[in-house]
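Visitor: Next input, structure requested:
(one chain, ligands or ions: 1)
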Amino acid sequence: MRVPRTGSRSRPIAILLLAAIYAAGASVGQLLAIPPGNVTAYFPASGIALAGILLGGRKLWPGVWLGSFLVNTWAIFDTTSFARTATTTLVGATIGMGATIEALAAARVFPPWDRDAGLPLARVLDVARFTALSGLGCSITSATMGTTSLFAGSLITTTDYAETWLTWWLGDAVGILVITPLVLACVQPRWWSFQGRGAEIALHQVALFAFQMYLVAGTLADRGAHCPLGHFITPFLVWAGVRLGPLGAALAVFNVSVFATLGTEHGAPPFVRGTRNESLLFVQAFVGDMALTTQVLAAVITERRRAEWALSRSRDELDRRVAERTAALTESEERYRVLVEVSPDATLLEKLDTDGVLRIVYANAAAAPLFGVTSAAELIGRSVFDFVLAEREDIAHRGVMSALEHGNLGPVDGWVARADGTAVEVEIMLARVPRGGKRALLAIYRDITRRKQIEEERAALYREAEESIRARDEFLSIASHELKTPLTALSLKLQALARSLPADPEVAAKIAPALDVALRQTKRLNTLVDELLDVSRITQGRMELCLDDEIDLFAVVEDVVQRMQDTAARAGCELRLGGDATIVGCWDRSRVEQVLINLLSNAIKYGAKAPIDVRVRDEGASVSFSVTDRGIGIPAEDQARIFDRFERAVSVRHFGGFGLGLWIARRIVEALGGTILVESAPGEGATFTVTLPRARA
Ligand code: ADP
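Guide: Got it, this is the predicted structure:
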């Protein structure tokens, strides 16, 4: 229990309470008072005052003063005259001040203690300090002020002074030494000082009480007889000091002090002397002595018990932590063990032994089949190099050394020479074991037979695909060359036929449309074959560029637009040209024309009979031309791939074509150092923009 310091609201009550208890204690003491100054050789109130200040705080001092003032003034109050009344009141007030100063000073020099965790006076040095300073030292102030004021108030004479002072001093000192520890121990017991000893303390008190009753009653019956039984008090005090802690000791001291005082009062030996006060002084000297001895003993034992308690607590704490840590370690070890154990990769722990041989000290279950043994246990103790192919020993040795030196190696591909003589291809990872120094490695082997198979299968497929593409390109190249010759002859013949139409207009009118169709289809066929020829030229790296002398890009574009007007018109499209007229530079005219024809053909084909705009722009360091149609447009996800070979974003049923025009255009533009881009959205047409660096002659 901790007694709270009093707050300002409850303080008046606490002060009055202290005053009342003080007065009660003082009244008990005064039963033993000696005339003329009414000074007592046993003054419990001084102990009560100190305990009150220690527990309730310095601000309770008015309680001490009030209690002392009331009791003392009452004892010496003289109403015979006003002067006597005033004098005795003043003397009472001064005695009160002495008692207050004594309590405050004794509290100030009282050995400090941790109010939450500990018991006061639980150490030998504390008891010594308390006895010397609080008990014997501070009582001097009260004794001196009290005796002097009695003397000044003519309540004692010079001859009484010394004895009164001594009685006062001893009475207060014993009061402090006996009562303060008792109150503090009652209010702040600690389990390690008396836990489980409550019954024993009670038994001890009863036994002590009974024994003293027997002693006092017996000796009183045989007044004056020497009683050796008195010596047997010591075992009781030792019992209290050794076993019952500060509370038991304080109770025992109090118990004995009461009996010794009362017994002496009634004339029981061994403290009875010539006068009553002399006897009381003698008994108080004994009480003080006994209090010191018993409390020191109790403090020694308590100190030891507290140390033992702290030790056992820290041992328990240590045990608990060790248990916790062990459980955590076991759990984590179990977790890792399971992880390693069930790993599909062969996992080995390898250690360099004293002969410099790297031996296997642990192998998981997956290691057995990989190393060609029936159980992992068979691997333990074997040298790692037993499983290395003879021709790869050097590489393996260098790998191990590098891992031990640098901390890890891999993953690298290697081989395991299995116990059954076969070999398996593996991926190996080595890691130096932390805290194993440069002597231990964790090795993980992964069987990569399947991976290698897949890689080989993939490589074969890739080779096959490459071969098919090469065959296709070769076929296209041959086919286009073979087609070109008869096609050229055919179109020449058709052109000749068109020039030599019969003179008869009727016959001519009949033949002309069919001839016209034949010529257009031949032209279209020619374009397709040219595309195929271009493809084989480009794939074989045979595309030739021929940079003309200065040309006017606008004029070139205008010329192409003019030539395409008819085709566009037949498809229902109007071709419109705009932009910066006259842009002079050096470009490959026929290639620029080819790119523009491709873009315009597409715009006409996919342009949904809507007008098509061609714009030419001079951008300083570069020039550009763009073709914008208002046709079907291209979905965003197709815009990149349409520039690749044979890639189309429309179905062949609706629009004919090889999917080569844009690829050829891109390759030409790239060869000219430029770029080609498309901006489009489905249903909103498309704009193809070609940007070329400006080149000057
Ligand atoms: P082709 O026109 O012979 O199919 P291209 O390489 O010229 O081949 O074009 C590739 C594809 O790009 C076309 O199939 C078509 O889907 C799309 N495309 C090209 N130009 C346009 C355009 N102006 N509008 C809509 N789609 C186009």
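
Visitor: Show me what the helix or strand hosting residue 395 packs onto, helices and strands only.
Guide: Here residue 395 is covered by helix 393-406, with elements defined by DSSP states H and E. With contacts taken as 3 or more Cβ pairs under 8 Å, 6 or more residues apart in numbering; DSSP states H and E, helix 393-406 sits against strand 408-417, strand 423-432, strand 440-447. To be clear about C-beta, it is placed using only N, CA and C from the backbone, and glycine gets the same treatment.

Visitor: Recalculate using a threshold of 6 Å.
Guide: strand 408-417 (3 or more Cβ pairs under 6 Å, 6 or more residues apart in numbering; DSSP states H and E).

Visitor: give me the number of residues near the residue in the stretch 101-250 of the chain positioned nearest to the ligand?
Guide: With Cβ to the nearest ligand atom, the shortest gap between the stretch 101-250 of the chain and the ligand falls at residue 116, namely 87.1 Å. By the measure other Cβ atoms under 10 Å, the count of residues near residue 116 is 7.

Visitor: Then the one 3 residues further on?
Guide: With neighbours defined by other Cβ under 10 Å, the count for residue 119 comes to 25.

Visitor: same question, residue 316
Guide: 10.

Visitor: which SSE is it in?
Guide: Residue 316 is part of helix 276-342 when elements are defined by DSSP H and E.

Visitor: Run through the stretch 1-150 of the chain and note the low-pLDDT ranges.
Guide: Along the stretch 1-150 of the chain, segments meeting pLDDT under 70 span 1-8, 33-39, 117-118.

Visitor: Show me where it has its helices.
Guide: Counting by DSSP state H, counting those that start in this stretch, the stretch 1-150 of the chain has helices at residues 11-30, 44-56, 61-76, 82-108, 124-129, 139-152.

Visitor: Nearest to the ligand, out of those?
Guide: Closest to the ligand of the helices of the stretch 1-150 of the chain is helix 11-30 (Cβ to the nearest ligand atom; 98.2 Å).

Visitor: first to last residue in stretch 401-416, what's the distance?
Guide: 18 Å (Cα to Cα, to the nearest Å).

Visitor: buried stuff in it?
Guide: 403-404, 409-410, 414-416 (16 or more other Cβ atoms under 10 Å).

Visitor: what does stretch 232-241 give?
Guide: Within stretch 232-241, the residues that count as buried by 16+ other Cβ under 10 Å are 233, 236-237, 239-241.

Visitor: quick one: least confident of these?
Guide: Lowest pLDDT of the buried residues of stretch 232-241: residue 233, 82.

Visitor: what's the angle from the helix or strand harbouring that one to helix 276-342?
Guide: Element membership for residue 233, per DSSP H and E: helix 233-243. Put simply, helix 233-243 runs at 30 degrees to helix 276-342, going by axes from the mean of the first three to the mean of the last three Cα atoms, to 10 degrees.

Visitor: Where does the stretch 201-350 of the chain get nearest to the ligand, residue-wise?
Guide: The stretch 201-350 of the chain approaches the ligand most closely through residue 344 (48.3 Å), counting by Cβ to the nearest ligand atom.
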